[in-house]
Each structure stands twice: as structure tokens, then as C-alpha cells.
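Peer 1: Test case, fold it:
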Amino acid sequence: MIGFFDYTMVLTYLSLLSGCIGILTSLSGDGHPYWGICFLLFSGLCDAFDGKVARTKKDRSETEQRFGIQIDSLSDLVAFGVLPMAIGVGMLRRSPLLRSQIALSWVLTAIMVLYVLAAMIRLAYFNVTEEERQHREKGLLRRTYEGLPVTSAALIFPTVLLIQHLTTADLTPLYFGVGLVTGILFLSRIRIGKPGLRGILIMVGIGLVEFLIMTLIRVINR
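Peer 2: Residues are numbered from 1 along each chain as shown. Reported below is the predicted structural model:
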């Protein structure tokens, strides 16, 4: 059987499965963006630690390392590219403001399609430049990112949904506006420092707080 299936790949595979389930959930019925966001947050949790887990295996071959880079990006495209688009479509279906405005809904959907395209371009560019960098720097860990990492979607879009849960206003247009800006930042030349373990734990904590607040609000409003 082709591929690699040791423990270093488990979190990446779980992130992909979570993204797929989130897409199906977000697009089922009238759309369930809350559950889609839950799966997005879980994918973000898996991604936060998959690299650190992989580096604990000291005897990884070059093929295993390159395979890891490729599947990580392929998983990220689904979990942090396609899933946020599906969540947006779910929000459109539930929006009393927009679901009757067919033309505007198509425009907003097109924005998220472009968002997915931007995510794909960034991930492919990262794969190429990362292999070149590792060869040039003899495997040293990356210190900065060029452009906004695609995985930042795991905190950006849940924040919009959290604000939506805290207000009675329909913030669906805001979600798509954020998607447009995020897609542009994916392809920008800005330099962003790669977070260490402390930064990762802070981001995980933020995601957990967002999840708990949204869940509490939903329980209270039932």
C-alpha cells in the first residue's frame, strides 16, 4: 500500500477528515455554519501540533519529509480553504437578509471561490519555496512566513461567527468581506513571524475560548 501511515501523519489525516465532515455539515439542509466552525477549529488544533509531532521522529527519510509537506498542504486546502467557503454558503442559506437576493448571493459565493483559489496558490508556492529553503538552509526551521498563512483561517472565521453570536445583526456580508481580505493577504508579501510553542498555545487557547463562548450562547438561546 502506497503512502506513509505512522504516527507523524495522524494529525494531518485527522485535520483533513475534520475538514471534509465540516464541509458536509455546513452544506446540509439549510446549512449549519456553527458545526462547520467547530470542525474548522478542530482542524486548526490538529495543524497546530502536526509539525512538532512529525519532528519527534528523528529517522524520517527525505521522501517521508517531502510527503509530509505535500499532504499537509493538501489537507490545509480542504480544511482552511474549502471549509470556510462552505461555512459561508451555509450562512447565506440561513441569512434572512441575503437568501432572497440571488444575484448578491452569487457575487458573495464568487468571492469565497476566489478565496479558495488564493489559498491554493499560496500553498503551492509555499511547497516550492519550502523545499528550496530546506535545501539551501540544510533543514533549519523556518523563522518567518511570507504572506498570511492559510491556517490562520482557523482563528479568523470563528471570530466572525463569535461576533455573530454576540449580536442580533446579520453579519453574513462581513464574513465574505473578511474572506476577501484574507485571500488577498494570503498572496501578499508581508512577513509574519512563525510562532513558537508559547504562541501556538495562546492561539489554541483563543480558539478554545471562542468555541466555549459560542456553545454557551447556543445553549442559553435554545
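Peer 1: Can you pull up the most central residue in the chain?
Peer 2: Nearest to the mean C-alpha position of the chain, counting by CA atoms, centre = their mean, stands Phe80 at 2.4 Å.
Peer 1: sec struct for it, please.
Peer 2: When classified by DSSP: H, G, I helix; E, B strand; the rest coil, Phe80 comes out as helix.
Peer 1: again, but for Tyr145
Peer 2: Once three-state DSSP is applied, Tyr145 turns out strand.
Peer 1: From what I see, it and Lys194 are in contact.
Peer 2: Yes. Under the criterion of CB atoms under 8 Å, Tyr145 lies in contact with Lys194, with a separation of 6.1 Å. Quick note: C-beta positions are derived from backbone N, CA and C, even for glycine.
Peer 1: which helices and strands does the helix ranked longest in the chain pack with?
Peer 2: Determined from DSSP state H, the single longest helix within the chain is helix 102-136. Helix 102-136 sits against helix 62-76, helix 83-94, helix 172-186, with contacts defined as 3 or more CB pairs under 8 Å, 6 or more residues apart in numbering; DSSP states H and E.
Peer 1: higher neighbour count, Tyr145 and Lys194?
Peer 2: Neighbour count, other CB atoms under 10 Å: between Tyr145 and Lys194, Tyr145 has more, with 18 against 13.
Peer 1: coming back round to it: and the helices and strands packed on helix 102-136, which is most packed in?
Peer 2: Mean neighbour count (mean count of other CB atoms under 10 Å) peaks for helix 83-94 among those, with a mean of 25.
Peer 1: Need phi/psi at Thr167.
Peer 2: When quoted as degrees, to the nearest 10, the phi and psi of Thr167 stand at phi -140, psi 160.
Peer 1: low-confidence ranges in this structure?
Peer 2: 134, 137-141 (pLDDT under 70).
Peer 1: closest to Leu41 out of the helices and strands packed on helix 102-136?
Peer 2: Among those, helix 83-94 comes nearest to Leu41, with 10.6 Å by CB to CB.
Peer 1: Pull the distance from that closest one to the chain's centre.
Peer 2: The chain centroid and the centroid of helix 83-94 are separated by 14 Å, computed with CA atoms, centre = their mean, to the nearest Å.
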